[in-house]
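Novice: I need the structure of the sequence given here:
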Amino acid sequence: MKVLVADKPGGLRFVEMEKPEPGPRDIVAKVAHCGICATDVAIADGTLNLGEGMDPIYPVRLGHEWSGVVVETGSETRRLKPGDRVISDTGYSCGECEYCLRGEYQSCINGRAIGTIGNCWPGGFAEYMMMPERLTYHVPDNVPLDVAAAIEPASIGLYGLTRVPIGPGQNLLVVGTGPIGLGGMACAKGMGVGKIILAGRKDKKLAIGKEMGAAILVNTTKEGLKDAVMRETNGRGMDVILDTTGNASIFNDLLDLVRPSGHIVIPGFYEQELSGVKLDKLISKDCTLIGAAGTPNMGRKILDMLKHGLIDLAPMITEHYPFERAMEGFEAVKKHNDSRVKIMIDFD
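Specialist: Next up is the predicted model:
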């Protein structure tokens, strides 16, 4: 089968590999779609910098935002069968270590990322994907498979928001118009959150956010974010802020924008040490700061929201490329920033 591999920093190429054979509790799926993440591009370029112990080990078979159709199952599988449409978690967990037994699967001692850092599980930029059945989820019939492949970034935003008291009566500021921000925002809207303010620098992306549930749009190149927030909250500030920008220079601004006893959720890596942070303001305002890197089981929740029409992730998909043109898609991630949210690679 054909797969896309970053064999070294700056080395992205197609190679041939053997089609995987499922173990007793595994499934093999024919990949239908795989989204390109900024992390994929950084690994391919050799520019990823997430901190100690978070480096990729080359060669990397990239891709962690995939969907597909089961073609083969192991002898001990029970839940899935050939023909089922599926997605998977984006991390392997053993299910047996002390952390897994606590339900803290993201901290699994034997855990492996899929298609990204460390000794990773082989990723989804391949014609076939093998996964343990227990980490693979059935996609409802009314959810398109390309939309299903966009669930992963949305799940990171959702995971962060599930750790705060978000819901009716709460207001939410989302900073950043990438797929984590827009996807997480859509999930918040589906959970009944109150006023949503979306801040970004690109009008086309902000317009997509409006389609996905934002009530107030703020282009920060044209309007001060603090002025907009205080106007829309009568000077109170935000109950919850979701910062997906990866821009460390705005952290002190977030401390000004959050209300007393509010929550700041950061799923976007800053990729640097912070200096000059006014952390005392977080303490004096009695606020909560949460880091969110994603976790298993969020995909199942988003599938249910999509099934029942509570959210729509389709507007996030702004471009499609066939698998044989995947390298063009990688370049487009860097070149089409004014309008690009999620670029999808199609295998069918």
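Novice: in the host helix or strand of Ala188, what's buried?
Specialist: For Ala188, the element it lies in under DSSP states H and E is helix 179-190. In terms of neighbour count (16 or more other CB atoms under 10 Å), helix 179-190 has its buried residues at 179-190. Using the backbone N, CA and C atoms, a C-beta is placed for each residue, glycine as well.
Novice: let's test this: name the helix or strand in this protein with the lowest mean pLDDT.
Specialist: Across the helices and strands of the chain, mean confidence by mean pLDDT, DSSP states H and E is lowest for strand 91-92: a mean of 92.
Novice: gap between it and the chain center?
Specialist: Put simply, strand 91-92 sits 14 Å off its chain's centre (CA atoms, centre = their mean, to the nearest Å).
Novice: do stretch 62-76 as well
Specialist: 19 Å.
Novice: one step back: packing partners for the helix holding Ala188?
Specialist: helix 151-162, strand 172-175, strand 196-200, helix 203-211, strand 238-243, helix 298-307 (3 or more CB pairs under 8 Å, 6 or more residues apart in numbering; DSSP states H and E).
Novice: on that earlier part again, so what touches the least confident helix or strand of the chain?
Specialist: Contact with strand 91-92 is made by 105-106, 108, 110-114, 121, 132, 135, 294, 296, as judged by CB atoms under 8 Å, 6 or more residues apart in numbering.
Novice: could you give the angle of the helix holding Ala188 to strand 196-200?
Specialist: Relative orientation of helix 179-190 and strand 196-200, computed by axes from the mean of the first three to the mean of the last three CA atoms, to 10 degrees: 170 degrees.
Novice: redo the contacts of strand 91-92 as CSV? Include distance to Val229, secondary structure and neighbour count.
Specialist: Below are the contacts of strand 91-92 laid out as CSV (distance: CB to CB, whole Å; DSSP: H, G, I helix; E, B strand; the rest coil; neighbours: other CB atoms under 10 Å):
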residue, distance to Val229, secondary structure, neighbour count
Tyr105, 35, helix, 21
Gln106, 31, helix, 18
Cys108, 38, coil, 19
Asn110, 43, coil, 12
Gly111, 38, coil, 18
Arg112, 40, strand, 17
Ala113, 35, strand, 21
Ile114, 37, strand, 24
Trp121, 41, strand, 24
Pro132, 44, strand, 20
Leu135, 39, helix, 22
Gly294, 27, coil, 22
Pro296, 33, coil, 23
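Novice: which among those residues gets closest to Leu172?
Specialist: Proximity of these to Leu172 was ranked by CB to CB; the top entry is Gly294 with 18.8 Å.
Novice: tell me if I'm right that the closest one and Pro267 touch.
Specialist: Yes - between Gly294 and Pro267 there is a contact under CB atoms under 8 Å: 7.3 Å.
Novice: mutual contacts of those two, please.
Specialist: 156, 159.
Novice: where do the strands sit along the stretch 1-150 of the chain?
Specialist: Listed in chain order, the strands of the stretch 1-150 of the chain (DSSP state E, counting those that start in this stretch) span 2-8, 11-16, 26-36, 60-61, 66-73, 85-88, 91-92, 112-113, 128-132, 136-138.
Novice: hang on, Phe269 packs against Leu50?
Specialist: Yes - if you go by CB under 8 Å, Phe269 and Leu50 touch, sitting 5.6 Å apart.
Novice: I'd like to know how many residues surround Val71.
Specialist: Val71 sits with 15 neighbouring residues when counted by other CB atoms under 10 Å.
Novice: run through the bridge partners of the closest residue to it other than its chain neighbours.
Specialist: Nearest residue to Val71, sequence neighbours excluded (CB to CB, 6 or more residues apart in numbering): Lys30, at 5.1 Å. Beta-bridge partners of Lys30, counted by DSSP bridges, are Val69, Tyr128.
Novice: who are the neighbours in contact with Lys30?
Specialist: 68-69, 71, 127-128, 347.
Novice: roughly how far apart are it and Gly294?
Specialist: Using CB to CB, to the nearest Å, we find Lys30 at a distance of 25 Å from Gly294.
Novice: one more: Gly118?
Specialist: For Gly118 relative to Gly294 (CB to CB), the value is 15 Å.
Novice: same check, this time on Gly237
Specialist: Gly237 sits 27 Å away from Gly294, taking CB to CB as the criterion.
Novice: Val333 too?
Specialist: Val333 is 19 Å from Gly294, by CB to CB.
Novice: Lys202: neighbour count?
Specialist: Neighbours of Lys202 using other CB under 10 Å come to 16.
Novice: cool, Arg259 as well?
Specialist: Arg259: 18 neighbours (other CB under 10 Å).
Novice: which among the buried residues of helix 179-190 gets closest to Lys204?
Specialist: Leu182 (12.1 Å).
Novice: I figured the closest one hits Thr318, correct?
Specialist: No - at 10.7 Å, Leu182 and Thr318 do not qualify as touching, with contact defined as CB under 8 Å.
Novice: hang on, the earlier thing: figure out which of the helices and strands packed on helix 179-190 is closest to Ala42.
Specialist: helix 151-162 (14.6 Å).
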